[in-house]
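Enquirer: Next one to model:
(one chain, ligands or ions: 2)
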Amino acid sequence: MRITDARVIVSSPGRNYVTLVIETEDGLTGVGDATLNGRELSVASYLSDHVCPLLIGRDARRIEDTWHYLYKGAYWRRGPVTMAAIAAVDVALWDIKGKAAGMPVHQLLGGPARDGVLVYGHASGTTLDELSADFQRHLDLGYRAVRVQAAVPGLEANYGISGGAVYEPADAALPQENLWETPLYLDFVPTVMARIREEFGYGVHVLHDVHHRLTPVEAGRLGAALEPYRPFWIEDPTPAEDQAAFRLIRQHTTTPLAVGEVFNSIWDCQQLITERLIDYIRTSVSHTGGITHLRRVFSLAELYGVKSGSHGAGDLSPIAMAAALHVDLTIPNFGIQENMGHTGPVGEVFRTGYTFADGYMHPGDAPGLGVEFDEEAAARFPYEPRYLPVNRRLDGTVHDW
Ligand code: CS2
Ligand code: MG
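Expert: Numbering: from 1, shown residues only. Ligands and ions are numbered 1, 2, ... in the order given. Sure thing, here's the model as predicted:
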């Protein structure tokens, strides 16, 4: 089954997505997501200039071989651009394999290990009252797990606050500047959790994203302060490239720790997993080398009692969401899946078969991934330059965003 065409489409139906389309000689088409928020064109170039020419004439059935050909064959390994490009090829080939077999991808991965995939949604507010109304809205929709973020008094324009729409941090043609000051945040977050637990009790999972902003000892203090409220996890407590830093956090708190949305390979989390420094690994299909490599990460994690909790932000396309759900349905150590959702014209470009009911999602049973990518619709939404914000402390120092 030879590959006859591979092309990259960058479209912006509300936000930018990089989509790889692979066609085979027998008329099958597979799609993969290669979106890297704020750096979309670099992955598009990596694919069209350096990967697509290598795919023409290759056997589409040889997923594992193609993965290693692209990873080892480039000599220059890892990194978000390379791994997002490899991910798109890998996911598109799994899509083709499923369509060729007449089976959903999750059947090729061993079949369902559960009936549905527990997902968490995002509640946020510029005030605690707004947050509480948004939390209630999520409960009304059926969510059993909800992430909570609220604007820290004294810090305007902060991460994770959506103003009612789907959260979109890449909001300007050149980077906006946000403000940060850790002591204000550390004093505020326990009051957020207290309010949510007082109002909604303990029968729903509550999550919180720290977005890589603390030092290890600050993160330990936050985790300890939140223990009475029993969060499902705190996410990305410290800049995640320092794996050993998590030892210090662990020594100070039993609040579960999740990390991984900026990781792109198993090497980024090897120490975190093998030293049992985290509870959830949040790597995503699109940024971690596709289904093939993500399963390897989760298999390593399973050995050490670490569960999955994949990143599922709106800046991963519906193709990535579908691929994540197929993996989530099948692995033994599934934990939870983020579901930020997509809005606006995204649905005109990506037609999805996955479903949500009572807090659980299911990828559907259509052959392959179950997502149709409409290239004509995509052409109506050309690329728009968009950047993620940059963070500064009150004294002007650049801080982790
Ligand atoms: C966030 C993301 O979903 C999350 O947990 O951390 O929204 C993150 O800010 C974006 O994916 C960045 O592109
Ligand atoms: Mg996050």
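Enquirer: moving C-terminal of the longest helix seen in the chain, what's the next helix or strand?
Expert: Longest helix in the chain, counting residues (DSSP state H): helix 80-101. Following helix 80-101 in sequence order, the next helix or strand is helix 105-108 (DSSP states H and E).
Enquirer: And that next one, what's buried?
Expert: Across helix 105-108, burial judged by 16 or more other C-beta atoms under 10 Å covers V105, H106, Q107, L108. C-beta here means a position set from N, CA and C on the backbone, and glycine is covered the same way.
Enquirer: just to revisit the earlier point, so which elements touch the longest helix of the chain?
Expert: For helix 80-101, the packing partners by 3 or more C-beta pairs under 8 Å, 6 or more residues apart in numbering; DSSP states H and E come out as strand 17-24, strand 29-33, helix 40-45, helix 63-73, helix 105-108, helix 290-303, helix 318-330.
Enquirer: How far off centre is the longest one?
Expert: It stands for helix 290-303. The chain centre lies 15 Å from the centre of helix 290-303; the measure is C-alpha atoms, centre = their mean, to the nearest Å.
Enquirer: what about the helix or strand just after it, distance to the chain center?
Expert: Using DSSP H and E, the helix or strand that follows helix 290-303 in sequence is strand 307-308. Centroid separation for strand 307-308 versus its chain: 13 Å, with C-alpha atoms, centre = their mean.
Enquirer: mind exporting stretch 391-401 as CSV, just the C-alpha atoms?
Expert: Output of stretch 391-401 as CSV, limited to C-alpha atoms (Å, rounded to 0.1, in the frame of the first residue of the first chain):
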residue,chain,number,x,y,z
ASN,A,391,5.0,36.9,31.3
ARG,A,392,6.7,39.6,33.4
ARG,A,393,6.9,40.1,37.1
LEU,A,394,5.8,43.4,38.6
ASP,A,395,9.4,44.6,38.5
GLY,A,396,9.7,43.8,34.8
THR,A,397,11.6,40.5,34.9
VAL,A,398,10.6,38.0,32.4
HIS,A,399,9.0,35.0,34.1
ASP,A,400,7.8,31.6,32.9
TRP,A,401,4.5,31.9,31.1
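Enquirer: average pLDDT for it?
Expert: Averaging pLDDT along stretch 391-401 gives 96.
Enquirer: just to revisit the earlier point, buried residues, the longest helix of the chain. List them.
Expert: By 16+ other C-beta under 10 Å, the buried positions in helix 80-101 come out as 80-100.
Enquirer: residues in contact with Q337?
Expert: If you count contacts by C-beta atoms under 8 Å, 6 or more residues apart in numbering, Q337 has them with V117, L118, V119, Y120, S308, G309, S310, G312, A324, L325, D328, M361.
Enquirer: now S286, nearest residue through space, not along the chain?
Expert: Of all residues not flanking S286 in the chain, A320 sits nearest, at 4.3 Å (C-beta to C-beta, 6 or more residues apart in numbering).
Enquirer: for whichever residue of the stretch 301-401 of the chain sits closest to ligand 1, phi and psi?
Expert: The minimum distance from the stretch 301-401 of the chain to ligand 1, using C-beta to the nearest ligand atom, falls at A313 (3.6 Å). Dihedral pair for A313: phi -80, psi 170, per degrees, to the nearest 10.
Enquirer: wouldn't it be in contact with M340 here?
Expert: Yes: the pair A313 / M340 is scored as a contact, 5.0 Å apart, by C-beta atoms under 8 Å.
Enquirer: Name the residues contacting each of the two.
Expert: Here A313 and M340 have Y167 as joint contacts, going by C-beta under 8 Å, 6+ apart.
Enquirer: which residues touch the one residue in the chain that gets nearest to ligand 2?
Expert: Nearest residue of the chain to ligand 2 (C-beta to the ion) works out as D209 at 4.3 Å. Contacts for D209 (C-beta under 8 Å, 6+ apart) come out as R147, Q149, Y159, G160, I234, E235, D236.
Enquirer: at 6 Å instead, please
Expert: G160, E235 (C-beta atoms under 6 Å, 6 or more residues apart in numbering).
Enquirer: what about stretch 262-277, distance to the chain center?
Expert: Using C-alpha atoms, centre = their mean, the offset of stretch 262-277 from its chain centre is 16 Å.
Enquirer: Test my guess that the residue nearest to S286 contacts V31.
Expert: No: using C-beta atoms under 6 Å, A320 is not in contact with V31, being 10.3 Å away.
Enquirer: can you list contacts of stretch 298-316?
Expert: 37, 166, 258, 261, 273, 276, 278, 280-282, 284, 286, 321, 324, 331-340, 342.
Enquirer: From the chain's centroid, how far away is that stretch?
Expert: In this view, stretch 298-316 has its centroid 10 Å away from the chain centroid, taken as C-alpha atoms, centre = their mean.
Enquirer: Dihedrals phi and psi, R7?
Expert: Dihedral angles (degrees, to the nearest 10) for R7: phi -140, psi 160.
Enquirer: residues near it, how many?
Expert: Here the number of neighbours of R7 (other C-beta atoms under 10 Å) works out to 13.
Enquirer: How about V390?
Expert: Other residues near V390 come to 13 when the count uses other C-beta under 10 Å.
Enquirer: what about the helices in the stretch 151-300 of the chain?
Expert: 182-200, 216-226, 245-252, 270-274, 290-303 (DSSP state H, counting those that start in this stretch).
Enquirer: contacting residues for S42?
Expert: Contact analysis of S42 by C-beta under 6 Å, 6+ apart lists V81.
Enquirer: rerun that using 8 Å as the cut-off
Expert: S42 neighbours (C-beta under 8 Å, 6+ apart): L36, V81.
Enquirer: Perfect, that will be all.
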